[in-house]
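no sequence on hand, only this structure:
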């Protein structure tokens, strides 16, 4: 079957790998344009592009699919179906109409819950214990298309957004390979989403990583998991950015005001903690601006004056 794949980040790779193992002729791979990266800000290819070129697949990187010439180019490939996984571009009606078998999208939530750009982050911030993946037909809305299949999975303890996203797209790749033959054979009936159950997520920014120590420690722990690897969580100490790379609610009771750094007794799970609005957030790994990442114990040896300060400072 003539197939076009559209995706950009590393976690989309299991999907394109799965298509290559099946009876699908990948006639084109669409991905975002190269973006500046690293200290030199030189253009770097998306992971999907690097992988596709290594397999000898034709790669297309239009800045927009809304241009008439881009749609003509897509149509010239004569795809029977298009598969989308974290492409990062909205497909206009003209592009959606190109493949006779439609455009199938992998979305990392159990739609209609958590539509939009940040379903994994939002599920973790909300403290969900269960999530899943949806294979759906794309339409002109934001994740509003009919559902072909879903698969549920538990969110693992201490799982970060990065880890969960990778796992969901691996699960999505497996589900897609089950769905595609049935869909093309006419054995699946798309199911409309229940609009009354829909929730919408927003795009998160770097500012969302600024730690609000007035929040309960359990909420701050969820933020650490949800905002890793991006935008990450941070505070400020002596005017410098201090990244909080890893930590968890410590469980100990403290009367210290929110934001105050405390040393925990020997034998505790953490050497350092920060008082929260309720409880303590134990620090496992931090990184001071201009320095390497360090375990909290190592950081404390280098900066003993850190104990007792009130963050941010």
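Cool, got the structure. The model shown is predicted, which means the values in this text are computed figures rather than measured ones.

quick check: residue 34 touching residue 41?
No. When contacts are counted by CB atoms under 8 Å, residue 34 is not listed as touching residue 41 (11.6 Å). Every C-beta, even on glycine, is put in place using the N, C-alpha and C of the backbone.

settle it for me: which of the two has more neighbours?
Using other CB atoms under 10 Å as the criterion, residue 34 and residue 41 rank with residue 34 on top: 13 against 9.

what are the ranges of the helices in the stretch 51-200 of the chain?
Assignment of helices within the stretch 51-200 of the chain using DSSP state H, counting those that start in this stretch yields the ranges 68-76, 93-96, 119-125, 161-184.

so which of those helices is nearest residue 209?
Nearest to residue 209, of all these, is helix 119-125, at 11.0 Å by CB to CB.

ok so, going back, out of the helices of the stretch 51-200 of the chain, which comes closest to residue 109?
Taking the helices of the stretch 51-200 of the chain one by one with CB to CB, helix 119-125 is closest: 3.8 Å.

residue 192 against residue 146, yeah?
Yes. Residue 192 lies in contact with residue 146 (CB under 8 Å); the separation is 5.4 Å.

quick one: which of these two has more around it?
Counted by other CB under 10 Å, residue 192 and residue 146 do not tie: residue 146 has more neighbours, with 15 against 10.

what lies in contact with stretch 191-198?
111-113, 115, 144-148 (CB atoms under 8 Å, 6 or more residues apart in numbering).

returning to what we had before: quickly list what's touching both of residue 34 and residue 41.
By CB under 8 Å, 6+ apart, no residue touches both residue 34 and residue 41.

what is the distance between stretch 32-44 and the centre of its chain?
Put simply, stretch 32-44 sits 20 Å off its chain's centre (CA atoms, centre = their mean, to the nearest Å).

and that stretch, which residues are buried?
By 16 or more other CB atoms under 10 Å, the buried positions in stretch 32-44 come out as residue 32.

can you give me the first-to-last residue distance of it?
11 Å (CA to CA, to the nearest Å).

for residue 59, give me its contacts.
So residue 59 contacts 28-31, 49, 52-53 (CB under 8 Å, 6+ apart).

show me which of the residues you listed is closest to residue 4.
Proximity of the contacts of residue 59 to residue 4, judged by CB to CB, is greatest for residue 28, which lies at 4.6 Å.

tell me the pLDDT at that closest one?
In this model, residue 28 is scored at 98, pLDDT.

find the helix or strand that it is a member of.
Per DSSP states H and E: residue 28 is located in strand 25-30.

name the surrounding residues that touch that strand.
Counting by CB under 8 Å, 6+ apart, 1-7, 16, 19-20, 48-49, 52, 57-62, 74, 77-79, 87, 89 sit against strand 25-30.

swap in 10 Å and give it another go.
With contact meaning CB atoms under 10 Å, 6 or more residues apart in numbering, strand 25-30 is reached by 1-8, 16, 19-20, 48-49, 51-53, 55-62, 65, 70, 73-74, 76-80, 82-84, 87, 89, 91, 95.

many thanks, have a good one.
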